[in-house]
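**Student:** Make a model of this:
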Amino acid sequence: MTLTVEAIGPSTEAGMLLSAALLAVSSLQSGRWNARGGKAESMNHKAIVREYLRERRQEELVVESFPFITISREAGAGGRTLAGEIIRQLESMYPGSFGTGWEVFDQNLVDLIAEDPSLSSSLADLVHEEYRSEISRTVTELILQRSEHYESYKRIFEVIRILCTIGKCVIVGRGGVCVTQRMPLGVHIRLVAPVEQRVRRLMNLLGASETEAREVMTRQDEARRRLVRDFFSRDISDTMLYDAVFNTGRTSLTEIAAFAARAAKRKLDEHKAKLLQQNVVT
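**Tutor:** So this is what the prediction gives:
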């Protein structure tokens with residue numbers, strides 16, 4: 001099934017997925033799995049993405065793969081820590097094929113994008129998720145819809161889509177929940193926490209003062225909110241985007257990770273059952 005998207009425009013989900021729908025996944029034979037049965041020897045998420053960035057071929061998109069998990073979070077709510085705990089829970093709860101080979105993608109997404117020679121701008125803002133609204137760009141850039149910042153984020157969305165098509169990945173932030181909203185095997189988690197707890201966490205993580213931590217928290221929360229609003233016309237706090245929203249001030253990251261692991265396994269089992277039923281009917 002070859003997918004194409006005709007709609008364009010930086011404020012629409014379809015526009016953001018224009019290139020993402022035309023994925024080069026021919027290298028999936030190096031680590032391919034299909035829900036209709038069977039899997040390859042291993043997964044190599046980064047190698048597949050690098051081949052896509054290098055070749056830019058418009059290939060057939062394989063949509064049945066392993067599940068994936070996205071984490072949206074308030075600054076200081078524990079998103080990156082949760083991602084690592086999810087990997088540990090998957091390996092512990094499902095020591096066979098399903099629980100192995102998972103990988104976390106957060107700042108290393110930007111490292112992959114940085115290898116794309118067509119993007120010449122600094123990606124420092126992307127590393128820290130410091131999204132700036134296109135309103136701050138020049139009128140010419142807005143008309144052409146070709147600002148380097150826009151192109152960099154569009155490329156990140158493409159890579160997220162590729163990774164989640166392959167499956168067995170945990171995507172932290174970067175609009176992952178919206179990029180993959182219509183993909184059936186996704187588990188979408190949102191983390192919130194009391195302000196004081198988030199400030200303390202950021203103070204420890206950054207070695208910052210309370211004032212500095214509050215400034216970082218406010219800036220990151222606003223940048224993430226703007227990104228989801230400007231690119232996808234959605235509200236990042238809309239609970240309908242997520243399978244579950246957790247307050248990490250009340251629920252431990254271990255409990256949340258166990259929930260995410262079980263939800264991912266359930267998604268796969270339900271998807272396989274649906275495919276089997278379709279085969280019986282046809």
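**Student:** any idea where the helices of the stretch 101-250 of the chain begin and end?
**Tutor:** Here the stretch 101-250 of the chain has its helices, by DSSP state H, counting those that start in this stretch, at 107-114, 124-127, 139-144, 148-166, 176-179, 195-206, 210-232.
**Student:** Just give me the neighbour total for residue 260.
**Tutor:** Around residue 260 there are 27 other residues, counting by other C-beta atoms under 10 Å. (Each C-beta comes from the backbone N, C-alpha and C, glycine too.)
**Student:** Redo the helices of the stretch 101-250 of the chain as JSON lines? Include mean neighbour count, mean pLDDT and distance to residue 92.
**Tutor:** JSON lines is the format used below for these (neighbours: other C-beta atoms under 10 Å; pLDDT from 0 to 100; distance: least, C-beta to C-beta, whole Å):
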{"stretch": "helix 107-114", "mean neighbour count": "17", "mean pLDDT": "72", "distance to residue 92": "23"}
{"stretch": "helix 124-127", "mean neighbour count": "16", "mean pLDDT": "43", "distance to residue 92": "31"}
{"stretch": "helix 139-144", "mean neighbour count": "10", "mean pLDDT": "47", "distance to residue 92": "48"}
{"stretch": "helix 148-166", "mean neighbour count": "22", "mean pLDDT": "82", "distance to residue 92": "23"}
{"stretch": "helix 176-179", "mean neighbour count": "26", "mean pLDDT": "94", "distance to residue 92": "24"}
{"stretch": "helix 195-206", "mean neighbour count": "17", "mean pLDDT": "95", "distance to residue 92": "25"}
{"stretch": "helix 210-232", "mean neighbour count": "17", "mean pLDDT": "94", "distance to residue 92": "30"}
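**Student:** And the ones you listed: which comes nearest residue 243?
**Tutor:** Closest to residue 243 of the helices of the stretch 101-250 of the chain is helix 176-179 (C-beta to C-beta; 9.7 Å).
**Student:** counting contacts, what elements does the closest one pack onto?
**Tutor:** strand 68-73, helix 148-166, strand 186-192, helix 210-232 (3 or more C-beta pairs under 8 Å, 6 or more residues apart in numbering; DSSP states H and E).
**Student:** tell me what the first one is packed against?
**Tutor:** In this case it means strand 68-73. Applying 3+ C-beta pairs under 8 Å, 6+ apart, one finds that strand 68-73 contacts helix 79-93, helix 148-166, strand 169-172, helix 176-179, strand 186-192, helix 253-281.
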